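Visitor: Based on what follows, work out the 3D shape:
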Amino acid sequence: ARVEVASAADLAARLAAAPAAAVHFWAQWCEPCGAVDETLAALTADSGDAGALLRVEAEAHSEIAEAHGVAAVPCVLVFKGGKRVATIEGVNPPALAAAVEGAFGAAPPAAPAEPAAAPAAPAKRPVDDLAGLVRSHDVMLFMKGNPDAPRCGFSRKAVERLQATGHKFGTFDILEDEDVRQELKKFSQWPTYPQLYLKGELLGGNDIIQEMAESGELQKTFDEALKRPVDDLAGLVRSHDVMLFMKGNPDAPRCGFSRKAVERLQATGHKFGTFDILEDEDVRQELKKFSQWPTYPQLYLKGELLGGNDIIQEMAESGELQKTFDEALK
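Guide: Got it, this is the predicted structure:
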């Protein structure tokens with residue numbers, strides 16, 4: 001049976017007493033936490049004394065969440081012998097099953113017998129999915145040989161130009177696969193090699209690569225197409241007139257502060273953009289330096305930081321948030 005943790009001392013005592021434990025940090029408003037509870041219950045149904053199933057209401061016991069580095073819900077910490085062995089954030093049943101099985105020592109339920117399998121289908125060949133192959137890297141060069149050992153002068157020159165941009169790129173040696181060599185020419189409607197693709201779109205062959213490189217267009221095109229959000233934080237905070245950097249998204253916030261901020265913004269009736277900082281660790285860390293604001297959520301109005309959750313709540317309660325938005329966004 002699952003147990004609600006009453007305090008940090010209670011959690012410490014239970015972790016010390018149990019051979020293994022799964023600790024679910026949850027919140028009442030977070031619907032995905034219910035799915036995690038169901039998964040944990042199924043995984044530990046037959047565990048007996050092998051481990052404990054514990055729950056911590058993250059907002060009611062924020063000191064416990066902070067002590068264990070839990071920044072968003074749902075989050076499950078798995079312990080064995082009092083030591084943390086796994087952290088599973090969000091809803092991830094396969095990862096949760098693997099972690100619980102490893103700590104609790106319980107084998108997963110036996111799968112029902114299946115009828116004899118049909119003969120295995122032939123292995124998929126690169127030529128069977130050319131659309132996927134040209135998108136296998138943001139920058140993809142189909143060449144003769146490889147970057148360390150090009151097998152023709154055109155391929156060597158193309159590699160040199162790509163390396164000079166400083167951007168990563170993938171390659172495919174068309175001399176190693178005659179099917180790809182022939183079919184890609186039809187797919188691209190380009191008769192020769194090398195062929196260069198950017199995010200699945202053909203840029204051209206060696207002549208075009210050389211012309212673009214000499215004019216500076218190749219560098220500019222790559223820089224713009226391959227820009228990461230963290231590379232232009234000033235642009236990112238201005239990507240919407242009202243921009244909220246939060247944990248999760250408006251439909252599924254991952255922390256109570258983010259949920260409350262979203263509710264306040266929605267109440268103004270104005271449109272706003274959001275960015276999930278849990279999905280981009282670079283932005284999560286660098287934006288704190290950029291804004292000189294150490295926590296999330298962070299709210300921006302036309303590129304200017306208004307503040308975090310406390311300020312959002314204060315402005316909303318006083319009516320200042322509505323007034324500020326109405327004047328700035330009219």
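
Visitor: Where does pLDDT dip in this structure?
Guide: Residues of the chain meeting the criterion pLDDT under 70: 106-122.

Visitor: The one helix or strand Phe25 maps to packs against which elements?
Guide: Secondary structure from DSSP states H and E places Phe25 in strand 20-26. On a contact count with 3 or more C-beta pairs under 8 Å, 6 or more residues apart in numbering; DSSP states H and E, strand 20-26 meets helix 8-17, helix 32-44, strand 52-57, strand 75-80, helix 93-104. (C-beta placed from N, C-alpha, C; glycine too.)

Visitor: Surely Phe187 and Asp128 touch.
Guide: No. With contact defined as C-beta atoms under 8 Å, Phe187 does not count as touching Asp128 (11.8 Å).

Visitor: And those two? Which one has more around it.
Guide: Higher neighbour count among Phe187 and Asp128: Phe187, with 16 against 13, using other C-beta atoms under 10 Å.

Visitor: before we move on, back to that, any chance of the helices and strands packed on strand 20-26 in CSV, plus distance to Ala65?
Guide: Converted to CSV, those look like this (distance: least, C-beta to C-beta, whole Å):
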stretch, distance to Ala65
helix 8-17, 10
helix 32-44, 13
strand 52-57, 7
strand 75-80, 8
helix 93-104, 18
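
Visitor: ok, Tyr59 - how many residues close by?
Guide: Careful, residue 59 is Glu and not Tyr. Count around Glu59 with other C-beta under 10 Å applied: 18.

Visitor: Contact partners for the nearest residue to it once chain neighbours are set aside?
Guide: Spatial nearest neighbour of Glu59, excluding adjacent residues (C-beta to C-beta, 6 or more residues apart in numbering): Gly256 at 4.7 Å. Going by C-beta atoms under 8 Å, 6 or more residues apart in numbering, Gly256 touches Ala27, Trp29, Ala58, Glu59.

Visitor: Gly256 and Glu317, how far apart?
Guide: 17 Å (C-beta to C-beta, to the nearest Å).

Visitor: if we can go back for a sec, may I ask which of the contacts of Gly256 has the most neighbours?
Guide: Ala58 leads the contacts of Gly256 on contacts (other C-beta under 10 Å) with 26 neighbours.

Visitor: So that one is in contact with Gln28, correct?
Guide: No. Counting by C-beta under 8 Å, Ala58 does not reach Gln28; the two are 9.9 Å apart.

Visitor: And Lys323, how far from Phe272?
Guide: 16 Å.

Visitor: Between those two, tell me which one has more neighbours.
Guide: More crowded of Lys323 and Phe272, by other C-beta under 10 Å: Phe272, with 20 against 12.

Visitor: Neighbours of Ser155, how many?
Guide: When neighbours are defined as other C-beta under 10 Å, Ser155 has 25 of them.

Visitor: what residues are up against it?
Guide: Leu141, Met143, Lys144, Gly145, Tyr193, Pro194, Asn206.

Visitor: hmm, try it at 10 Å
Guide: Contacts for Ser155 were tallied using C-beta atoms under 10 Å, 6 or more residues apart in numbering; they are 141-147, 149, 171, 173-175, 193-194, 206.

Visitor: which parts of stretch 17-31 are buried?
Guide: Ala18, Pro19, Ala20, Ala21, Ala22, Val23, His24, Phe25, Trp26, Ala27, Cys30 (16 or more other C-beta atoms under 10 Å).

Visitor: Likewise for stretch 276-290?
Guide: Asp276, Ile277, Leu278, Asp280, Val283, Arg284, Leu287, Lys288, Phe290.

Visitor: if I look at the first one, how far off is Arg284?
Guide: Right, the one you point to is Asp276. 9 Å.

Visitor: about what we covered before: what's the distance between the residue nearest to Glu59 and Pro297?
Guide: 11 Å.
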